[in-house]
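Novice: sequence and computational prediction follow.
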Amino acid sequence: MKRMVMMIGMVLSLALPTLAQNNGEVGAYGDYSRLGSGNSATSYVGIGGRVGVNVTSAVVLEAEMNYDFARNVTSTNSNGGSTSFAETSVRPLTGLFGPKFQVGGARTFRAFITGKAGFINFGTSSSGGVSGTTFTNSVTGVGGSGTYLAFYPGGGVEGFLGPVGLRLDAGDEIYMDNGVHNNLRVTFGPTIRF
């Protein structure tokens, strides 16, 4: 009997940390969004965060939000190309929610696809630089005239060493404004399983 109790204790001590690290994830990320296409495309970079709760080992419900605060304007002239960085008054704020379908379960490496819906808000600020005020103004502006329905089909990979990992995903951030606008979006950053 004593041996059985010791074996059960050993199995639980090995299993519980694994189970405790597969209930969900929380993470931060750097965000790159290329809005538009061709010569009229504008590239934004920003930061964001996401939280996900596992429904099963293969399905996670995620919510995420990111704030883009800079843009890279690329212009081409007759003797080559040039790139310049410019401060912009437009600051996209994106909020998305939806499922992530993953393979790999609680292992160290996972691949996934996702489909999310939400909004993109094109807030403006005349203050120039990014501050807490420009972010809160973007949040309070959600639902106004600069807010559009957004969809995000995408996929990616994530790898873990214990509860800490890195995640990379890319997809098409689609928003509706007098038609459908397809845009490249890439995120990369750390994530923690709980």
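Specialist: Done, it's in.

Novice: my read: G27 touches T187, true?
Specialist: No - between G27 and T187 there is no contact under CB atoms under 8 Å: 9.2 Å. Where you see a C-beta, it was placed from the backbone N, CA and C, and this is true even at glycine.

Novice: can you list residues touching both of the two?
Specialist: Common contacts of G27 and T187, defined by CB atoms under 8 Å, 6 or more residues apart in numbering, comprise R167.

Novice: show me where this structure has helices.
Specialist: Along the chain, counting by DSSP state H, helices occupy 2-20, 132-140.

Novice: ok, the nearest residue to L35 once chain neighbours are set aside - how many residues close by?
Specialist: The shortest distance from L35 to any non-neighbouring residue, by CB to CB, 6 or more residues apart in numbering, is to N183 (4.8 Å). The number of residues packed near N183 is 22, by other CB atoms under 10 Å.

Novice: just I113 next, same as before
Specialist: 15.

Novice: can you pull up the bridge partners for it?
Specialist: For I113, the beta-bridge partners under DSSP bridges are F101, G155.

Novice: for it, give me the pLDDT.
Specialist: According to the prediction, I113 has pLDDT 97.

Novice: got the contact list for it?
Specialist: So I113 contacts K100, F101, P153, G154, G155 (CB under 8 Å, 6+ apart).

Novice: that one and L184, how far apart?
Specialist: 16 Å (CB to CB, to the nearest Å).

Novice: cool, L161 as well?
Specialist: 29 Å.

Novice: ok, these two, which is more surrounded?
Specialist: More crowded of L161 and L184, by other CB under 10 Å: L184, with 17 against 8.

Novice: got any ranges where the chain has weak pLDDT?
Specialist: Along the chain, the model assigns pLDDT under 70 to residues 1-21, 37-40, 70-89, 105-106, 124-143.

Novice: and the strands in it?
Specialist: Along the chain, counting by DSSP state E, strands occupy 24-35, 42-54, 59-77, 80-86, 90-103, 109-124, 147-161, 164-176, 180-193.

Novice: only alpha carbons, please: show the first one as PDB.
Specialist: Once side chains and other backbone atoms are set aside, the C-alpha atoms of strand 24-35 remain, and they are given as PDB (Å, rounded to 0.1, in the frame of the first residue of the first chain):
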ATOM      1  CA  GLY A  24      -4.000  28.700 -21.800                       C
ATOM      2  CA  GLU A  25      -1.400  31.300 -22.800                       C
ATOM      3  CA  VAL A  26      -0.700  34.900 -22.300                       C
ATOM      4  CA  GLY A  27       1.800  36.800 -24.500                       C
ATOM      5  CA  ALA A  28       3.100  40.100 -25.800                       C
ATOM      6  CA  TYR A  29       4.300  40.700 -29.400                       C
ATOM      7  CA  GLY A  30       5.800  43.100 -31.900                       C
ATOM      8  CA  ASP A  31       3.400  43.800 -34.800                       C
ATOM      9  CA  TYR A  32       4.100  44.600 -38.400                       C
ATOM     10  CA  SER A  33       1.200  45.600 -40.600                       C
ATOM     11  CA  ARG A  34       1.400  46.500 -44.300                       C
ATOM     12  CA  LEU A  35      -1.800  48.300 -45.200                       C
END
